[in-house]
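S.K.: Quick one, structure for this:
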Amino acid sequence: MVSRRKALEYAERIVSRPAGRVPVVLRHGKGGVTLLHKGRALTRCYATATGVMAAEFMAIALGVALPPEGHSVHSVVSTGVLYRAISISSLDLRIPEVRPLLERLLGEAAEQRNHNAQGSL
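M.R.: Below you'll find the predicted structure:
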């Protein structure tokens, strides 16, 4: 199991190169939720109350439902959406002042998903 720090280093390399279609997998395991790209972890939310809440918001940013434990969900997103989902996974949601930032990141991710969907029609 890769550390959260190592995962975020890999994530930084992925989002630093803009792309419209990045395949990702959101895997819900016993220890928490991991976001993967090409089988490598981009970020992880641990199985704590705060971690589960962050994972739920990360899934919303990706435009998918959080899968039940033991399952995964696949998606294809832009690096902009991916950046926002990863940022959400890193927020400490116990801090009340974080809520406006969370709302902004979720809104931006939704806008980008809608823009990308319209652009591919």
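S.K.: for the residue nearest the centre of the chain, helix, strand, or coil?
M.R.: By Cα atoms, centre = their mean, the chain has its centre lying nearest to Ala85, at 3.3 Å. Under the three-state scheme (DSSP: H, G, I helix; E, B strand; the rest coil), Ala85 adopts helix.
S.K.: Could I get the contacting residues of it?
M.R.: Taking Cβ atoms under 8 Å, 6 or more residues apart in numbering, we find Ala85 in contact with Leu35, Thr43, Met58, Ala61, Leu62, Val77, Ala109. Every residue, glycine included, has its C-beta placed from N, CA and C.
S.K.: And the longest helix along the chain, what's buried?
M.R.: Criterion DSSP state H: the longest helix present in the chain is helix 99-119. If you call a residue buried by 16 or more other Cβ atoms under 10 Å, then helix 99-119 has these buried ones: Leu102, Leu105, Leu106, Glu108, Ala109, Gln112, Arg113, Asn116.
S.K.: Do a quick rundown of the helices in this protein.
M.R.: 4-15, 49-62, 79-89, 99-119.
S.K.: For the contacts of Ala85, give me TSV that also has pLDDT.
M.R.: Formatted as TSV, these follow (pLDDT from 0 to 100):
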residue	pLDDT
Leu35	97
Thr43	96
Met58	98
Ala61	98
Leu62	98
Val77	97
Ala109	97
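S.K.: If anything else comes up later, I'll come back, but that's it for now.
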